[in-house]
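Participant: A predicted structure for the sequence below; I have some questions about it.
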Amino acid sequence: MTGTIPTHWRIRVITLLARILGEAIPTRSSPDPATIRRLIVIKPASLGDVILASPAVATLRRAFPNTHLTLATGQWSLPAARGIPGVDDIQDLGTFGTPGRFGVRDLPVAVARLRAGRHDLAIVLDRSPLVAVAPLLAGIPHRAGIDSAGRGFAHTIRIPWTRRIHEADLYQSVAHAATSRSAVALTASEAQLAFRPTPDATAIADRLWGDAGLDDRADATRTAPVVVVHAGGASNPGMTMAAKRWPADRFATVIRTLIDRGVRVVLVGHTSDAQIVADVRRALAPSGAAPSLLPGTGIIDLSGDADLATLAALIGRADAYLGNDSVPLHLAVAMGTPAVAIYGPTDPRVYGPWGPEGGTYAGKGIAIVDPGACSQARAFRPGPLDACPGCRCIDRVDTSTVTNAVLNLLGQ
């Protein structure tokens, strides 16, 4: 016997306590916009989820045009937060709210930081009860957020998470509930992901694009379409999920076909994707050749050369994007680049290329998942992702389906 509480019992105890506390903390209607001078959106993790929160931020910005709007996120997710339009200030939460990286001992510091902002309204786009309680302890009078199995007990406006819904739509529902008294109507620009690379990042992307011999996207004389491919991802503080990565040799098979059709391919990736990119390159090289890219192949390797903002600018120049369920996919959608994404343990109905209310990103986003994947078979249940044991459901996706999807976006 050890002193460790089994996970299922821990979840039950937390749920019971949260529901009891929820009965003691009153809810109220949305605030009068005229009384909100300062508001804070709390989205600690992860990079992709911060980008999925951009439509909610746009809704809040439009409903509270004269309000100071702060976006609070974890240290790892700051690069994503810096590209979200409509934000006046960014607050670094450190590791608070990052799965697997924080606990009760981190709560006092987070509360102090929130209290210092003297906010009138908090929008909590997180399911953790610790993250939910922080604005309450900081004295923020109006608090709207997700209520997952009672864990949103500290919110004055609670949005139940009781059905399968895209994350961006869930975040938007919180923003809509908090702005229900606003007379300002939703606009089309709020119904899309948004990310703005900095001028410096755009300049770096211009240089990388030019050094690689690629045409400028705005140049009508581009002689061949360009597809950006990201074979890695699925790595965040607190969670690395290799089951979300389609095999490198299959990416290589698709790339070969694209090259044969006259497409130029740009490989991208974080430094943590170095091994995966090397595996793709090795699969592309002739038998016995070194795993470096050969001249004249139509393939350019820009992996490791770009931070998040520069990566967004690069993807924005491409004619199409191909990758796994990872942050560059959402950057592609935010930058208006047609995208193909491959899924296995995660559900594209929740994390796919986003269009409002289950839309398809204006017909430019293709999510590929096998009907037999665990993400499609399991029933909805609040809580963390529950993939099948040793999940490799993503391997069910074949190369011809992916190739055809990319060519379809390119009009070939």
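Facilitator: It's in.
Participant: Contact partners for H270?
Facilitator: When contacts are counted by CB atoms under 8 Å, 6 or more residues apart in numbering, H270 is found next to G232, G233, S235, S303, G304. In this view, the C-beta of every residue, glycine as well, is placed from N, C-alpha and C.
Participant: Please convert the buried members of those into PyMOL selection syntax.
Facilitator: Command for PyMOL, covering only those of these found buried under the criterion 16 or more other CB atoms under 10 Å:
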select buried, resi 232+233+235+303
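Participant: In strands, which of the contacts of H270 fall?
Facilitator: S235 (DSSP state E).
Participant: any idea how far the most centrally placed residue in the chain lies from Q75?
Facilitator: Geometric centre of the chain, nearest residue: G48, 1.7 Å, by CA atoms, centre = their mean. As defined by CB to CB, to the nearest Å, G48 lies at a distance of 16 Å from Q75.
Participant: so how far is stretch 400-412 off the chain centroid?
Facilitator: Taking CA atoms, centre = their mean, to the nearest Å, one finds the center of stretch 400-412 at 24 Å from the center of the full chain.
Participant: actually stretch 318-329, not the one I typed
Facilitator: Centroid separation for stretch 318-329 versus its chain: 12 Å, with CA atoms, centre = their mean.
Participant: In CSV, list the C-alpha atoms belonging to that stretch.
Facilitator: What follows is stretch 318-329, C-alpha atoms only, in CSV (Å, rounded to 0.1, in the frame of the first residue of the first chain):
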residue,chain,number,x,y,z
ALA,A,318,2.0,28.7,-49.1
ASP,A,319,-0.7,27.4,-51.5
ALA,A,320,-1.6,24.6,-49.0
TYR,A,321,-0.5,23.1,-45.7
LEU,A,322,-0.3,19.4,-44.6
GLY,A,323,0.3,18.2,-41.1
ASN,A,324,-0.9,16.5,-38.0
ASP,A,325,-3.2,17.8,-35.3
SER,A,326,-0.8,20.5,-34.0
VAL,A,327,-0.3,24.2,-33.7
PRO,A,328,0.9,24.9,-37.3
LEU,A,329,-2.5,23.6,-38.5
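Participant: which residues in this protein form strands?
Facilitator: Remark: strands assigned in the chain by DSSP E are 38-42, 68-73, 89-92, 121-124, 142-147, 157-160, 226-230, 235-236, 239-240, 264-267, 299-301, 320-324, 339-342, 365-368.
Participant: Neighbouring strands of the fourth one in the sheet, and parallel or not?
Facilitator: Read it as strand 121-124. Strand 121-124 has the following strand partners under DSSP bridges: strand 38-42 (parallel), strand 142-147 (parallel).
Participant: where do the helices sit along the stretch 201-350 of the chain?
Facilitator: Using DSSP state H, counting those that start in this stretch, the helices of the stretch 201-350 of the chain run over residues 248-260, 274-284, 308-317, 327-334, 348-351.
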